[in-house]
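Test case, fold it:
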Amino acid sequence: MAEMKKIQLDIVALSHSVSQSHNYAVVLGEQEGSRRLPIVIGAFEAQAIAVAMERMTPNRPLTHDLFKNSLDTFGIDLKEVIINDLLDGIFYAKLVCLWRGEIIEIDSRTSDALAMAVRFGCPVFTYEFILETAGVILEEGQDDSVQEEDVVMKENAPRESGKGPLTSYSIDALKKMLDEVLAEENYERAARIRDEINRRREKS
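Numbers count the residues shown, from 1 in each chain. Below you'll find the model as predicted:
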């Protein structure tokens, strides 16, 4: 049986899930094409991905930081992540690691695998049948990152604990707020503030 061709993906957006209010959606896009693969993930895993993408430094290692530090300590390198199956609406993934010259594959939840991929800076792949089944086509001229940021604001604006939506703050105030919530280890709110700062930069 011939090996299936791998298709490389990038993380193109991270937002609250429109359909499931207590979860997030990470949107992956194929590097050489217009298809997007949206995957619903939990708040904790979304925070873990956002923290690593923005190179935030927690006061204490998060679970995924601890796992990376453990792999580094034992000389295990994460070479790539493969989203390798889709069954009953659930994505499956594996970590492809290199240890002492041998390739080792470790089963993983897709959200955890993505959080590790961001930390190791390794590529993420999937297969054609998964994109064919669950992928969506990005229409010409459509900017999915801006669209997803708009979704973030619509979902989060009423939930800012009476402090007003993030759109009402200046960019300097947002940066100061980001430092404060990071000190409090409130990574979910930090991710929302980071989203709004990025949205402002894209429009400027």
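
So which residues of this protein form helices?
43-53, 63-73, 110-120, 128-134, 144-156, 171-183, 187-203 (DSSP state H).

quick one: low-confidence parts of this structure?
Counting by pLDDT under 70, the chain contains low-confidence residues at 1-3, 16-22, 138-169, 204.

repeat that for 50
1, 143-164 (pLDDT under 50).

center of it - which residue?
A centroid search over the chain (CA atoms, centre = their mean) returns Ile49, at 4.5 Å, as the residue closest to the centre.

need the contact list for it.
Ile11, Leu14, Val26, Ile41, Ser111, Leu114, Ala115, Val118 (CB atoms under 8 Å, 6 or more residues apart in numbering). For every residue, glycine as well, the C-beta is placed using N, CA and C.

one step back: burial-wise, tell me which of the helices of the chain comes out on top.
helix 110-120 (a mean of 24; mean count of other CB atoms under 10 Å).

could you give the angle of that one to helix 43-53?
20 degrees (axes from the mean of the first three to the mean of the last three CA atoms, to 10 degrees).

Tell me which other helices or strands helix 110-120 touches.
strand 35-41, helix 43-53, helix 63-73, strand 77-87, strand 90-99, strand 124-127 (3 or more CB pairs under 8 Å, 6 or more residues apart in numbering; DSSP states H and E).

Try it again at 6 Å.
Counting contacts by 3 or more CB pairs under 6 Å, 6 or more residues apart in numbering; DSSP states H and E, helix 110-120 packs against helix 43-53, strand 77-87, strand 90-99.

just to revisit the earlier point, so can I have JSON lines of the helices of the chain showing distance to Val96?
Compiled in JSON lines, those are given as follows (distance: least, CB to CB, whole Å):
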{"stretch": "helix 43-53", "distance to Val96": "19"}
{"stretch": "helix 63-73", "distance to Val96": "12"}
{"stretch": "helix 110-120", "distance to Val96": "10"}
{"stretch": "helix 128-134", "distance to Val96": "16"}
{"stretch": "helix 144-156", "distance to Val96": "27"}
{"stretch": "helix 171-183", "distance to Val96": "32"}
{"stretch": "helix 187-203", "distance to Val96": "27"}
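
Which of the ones you listed sits closest to Phe91?
helix 110-120 (4.3 Å; CB to CB).

Touching that closest one from outside, list them.
Identification of contacts with helix 110-120 by CB atoms under 6 Å, 6 or more residues apart in numbering yields 39, 41, 45, 48-49, 52-53, 64, 68, 78, 81, 83, 91, 93, 95, 124.

give me that answer again for 7 Å
Residues from elsewhere that reach helix 110-120 (CB atoms under 7 Å, 6 or more residues apart in numbering): 11, 26, 39, 41-42, 45, 48-49, 52-53, 64, 67-68, 78, 81, 83, 91-93, 95, 124.
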